[in-house]
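J.: Fold the stuff below for me.
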Amino acid sequence: MSAVSLRKMLNKKELPSLLHNLIYQFNVAIDVELVDGTKLISIGEQTIENRYPIEVSGEIIGWVVGTEQATILANLLSFLAKQEAEKKVLAKELLERYQEIDLFDDISTQLTTSLDTRQIAQLVLQELSQLIESSAGMILLLSPDATAFEIIAEFGVFFDHNQPEPGKGIIGNIVQSNRAELVNDVQADPRLEGQKNVSAMICVPLRAKERVLGAIAIGTAKTDSYKAEHLKLVSIFASQTAIAIDKAVLYEQSTQAALQAKAQTQKLQQALHELQLAQTQLIQSEKMSSLGQLIAGVAHEINNPVNFICGNLKYVAEYAQDLLHLLEKYQKFLPVAPPELESELDNIDLEFIMQDFPKLLDSMKLGTGRIVEIVQSLKNFSRHDEAEMKAVNIHDGIDGTLMILHHRVKANVHRPAIEIFKDYAKLPLIECYPGQLNQVFMNILANAIDALEEGMENSGVRSSPQITIRTRAIDQQCVVIRIADNGPGMKEEVIRRIYDPFFTTKDVGKGTGLGMAISYQIVVDKHGGMLKCRSQPGEGTEFWIQIPLNCALVDATEEQNCTSASPTPTTESSSIPDTDGFIRSTTPMLKPTDLLIRHTQLIQRLSQHNPDVEGASPDQIYQMFQRHPISLKLYATLLSWFCCSNPTQIRH
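T.: From the prediction side, this is the model:
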């Protein structure tokens, strides 16, 4: 059937009138018929029946019947029919091109939305298999060193056994030449090395940014199956695929780089965290070392004269007893004393001396014993000569700390005496760093005394302040020391920050904010224990200190674990109160914004004592700080933290 209909062409609006005018000018009789003889136009009576064909691309679609002049009309209709046929071909090509553009746009959209190389490759092969006759297809990626191919998608069987290699076989040579090829007789190609399941194939390299990523290949069992338009279609698919795969590969590389950077960042954060805690520990250790040396020196200096006094009191008591006994003998032998001696005896009140002197010696003995206890407590607290672990009775450390704080526990004009209640269980010796644990007891007990005094000053109620200390063993593995007070208590948001370095609720000069941060390091990091706190406003505060019986074994276990696993960051769940209401301590971390906040708070607190601090020069501020040495040291340490980069988060 012809692509052009003569009937439809003659039914066009202007053509019939144009033909009538032309025939009228020629003054001839004309008939226009279809191939089967059906008349479409008849003008005048025919006298000569010469037939002239109307042709399109060598095909007769009708006849013009008439005289020799009818040839002109036949040629005109043939020309018009040829134009009509060309219009149809052009319209068909435009439609196919539009469909092709729409198809590629749809495929391009799908490719750009995917970042998985295998998903991209599978999608491309699926579309190609529907557009081009093929029994097998594959997409290969070239390794970074260009020594091997990786098949990331395929359908059908392209090869029996061997996988293509760069520079070998038809596909390897095409990729190496970086030029697309159409091979319609695979078996006759001299490069054939394994493509036995296909007779015709198309292979196009995947190029992106002047770089060959791999290749796309399709094949069929029929020879001479592919044409140039098929090669063009596969080339278009290849260009889109190369762009999408290149983007996906870059995304995978960037993801891996991001993961590596994240891991490196975590290592740097951990190193920074350890550096920050080490710096804080260094500050406190320096202070405690100096304090320990001072206490040990004072205890040593006091110990010598006290031992001298204690050692001689025994003999003084014996001598006194002998002298008093001698006086009694004299009174028996000389009941009546001479007048001069009688007057002297009345002046010195011999009877009172004889009664009071033994009591005086007893009180001196009691006092020197008290001094001996205080000196021993100072020596136990300082533990200046005990840098290694030692098995100690934990109760001795608590009692020694209470002895040192005795002057703060006594009653004064502002409050009654603080009652200390002890509920000690029978505990085994603990292998630990006793001097450091004493420092923890000192920090917590001193804070409890501060809280009790502050609560009584603010409330004005003269209630009975109390501190309760309980100890017990858990499963023969660790001991727990619980220190509770009936002070004003703390809000939960304050509890979560008490282990942050430099965080304090005390006034300038009364606290550095380092005590609980150091306590955290000693209990958790140094001894592998646990430090928890529970408190409610108006209901007091209680600390839970849990220490393993043998900290040396805990240290060895943790050191072994650290060699096989990286440190696990503290999670938010560790700050959730347990069933008893205790909030476990978390790793304190600071970032520059928090340091700035601490800086502002420190200046504000300083301005309470010096209202002109905001307008003061650096020298004047330094002079103000010199009047508050603790604040000066805190401020200098705070500024040094700004030198640290890549900060970590602080938990509120």
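J.: Now residue 70. Nearest residue, chain neighbours left out?
T.: In space, and not counting its chain neighbours, residue 70 is closest to residue 64: 4.7 Å by CB to CB, 6 or more residues apart in numbering. From N, CA and C alone the C-beta is placed, and that goes for glycine too.
J.: which other helices and strands contact the helix or strand hosting that neighbour?
T.: For residue 64, the element it lies in under DSSP states H and E is strand 59-66. Here strand 59-66 touches strand 30-34, strand 50-56, helix 70-113, going by 3 or more CB pairs under 8 Å, 6 or more residues apart in numbering; DSSP states H and E.
J.: from what I can see residue 157 touches residue 197, true?
T.: Yes. Counting by CB atoms under 8 Å, residue 157 does reach residue 197; the two are 5.0 Å apart.
J.: Need the residues touching each of the two.
T.: Overlap of the contact sets of residue 157 and residue 197 (by CB atoms under 8 Å, 6 or more residues apart in numbering) consists of residue 136.
J.: Neighbour count: those two, which is higher?
T.: More crowded of residue 157 and residue 197, by other CB atoms under 10 Å: residue 197, with 16 against 13.
J.: how close does the more buried one sit to residue 504?
T.: Taking CB to CB, to the nearest Å as the measure, residue 197 falls 80 Å from residue 504.
J.: list the contacts for the spatially closest residue to residue 5 that is not a sequence neighbour?
T.: Among residues not flanking residue 5 along the chain, residue 61 sits closest, at 7.8 Å (CB to CB, 6+ apart). Residue 61 sits next to 2, 4, 5, 6, 34, 35, 54, 55, 81 when contact means CB under 8 Å, 6+ apart.
J.: Tabulate those (a markdown table), appending neighbour count and pLDDT.
T.: A markdown table is the format used below for the contacts of residue 61 (neighbours: other CB atoms under 10 Å; pLDDT from 0 to 100):
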| residue | neighbour count | pLDDT |
| --- | --- | --- |
| 2 | 15 | 57 |
| 4 | 21 | 76 |
| 5 | 15 | 79 |
| 6 | 24 | 79 |
| 34 | 16 | 85 |
| 35 | 14 | 83 |
| 54 | 26 | 85 |
| 55 | 17 | 87 |
| 81 | 23 | 84 |
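J.: Now the two most distant members of these.
T.: Across those, no pair lies farther apart than 5 and 55, at 14.5 Å, counting by CB to CB.
J.: mind showing which ranges of the stretch 401-550 of the chain have poor pLDDT?
T.: Along the stretch 401-550 of the chain, the parts satisfying pLDDT under 70 run over 458-462, 501-503, 505-514.
J.: first vs last residue of stretch 465-480, how far apart are they?
T.: This stretch, stretch 465-480, spans 23 Å end to end (CA to CA, to the nearest Å).
J.: Buried residues in it, which are they?
T.: Within stretch 465-480, the residues that qualify as buried are 465, 466, 467, 468, 469, 470, 471, 478, 479, 480, counting by 16 or more other CB atoms under 10 Å.
J.: if I look at the second one, how far off is residue 581?
T.: Pointing back at residue 466 there. Taking CB to CB as the measure, residue 466 falls 19 Å from residue 581.
J.: The last one now?
T.: In this view, residue 480 and residue 581 are 15 Å apart by CB to CB.
J.: where are the low-confidence patches of the stretch 551-652 of the chain?
T.: Residues of the stretch 551-652 of the chain that meet the cut-off, pLDDT under 70, sit at 552-575, 586-615, 618-652.
J.: Residue 85 and residue 13, how far apart?
T.: 20 Å.
J.: more neighbours, those two?
T.: Shown here are residue 85 and residue 13; by other CB under 10 Å, residue 85 has more neighbours (17 against 6).
J.: That one contacts residue 4, correct?
T.: Yes. Judged on CB under 8 Å, residue 85 makes contact with residue 4 at a distance of 4.9 Å.
J.: mind checking pLDDT for the closest residue to residue 147 other than its chain neighbours?
T.: Nearest residue to residue 147, sequence neighbours excluded (CB to CB, 6+ apart): residue 166, at 6.5 Å. Looking at residue 166, its pLDDT reads 85.
J.: isn't residue 166 right up against residue 150?
T.: No. Residue 166 is beyond contact range of residue 150, at 11.4 Å (criterion: CB under 8 Å).
J.: neighbour-wise, which of those two wins?
T.: Between residue 166 and residue 150, residue 166 has the larger neighbour count (other CB under 10 Å), namely 21 against 12.
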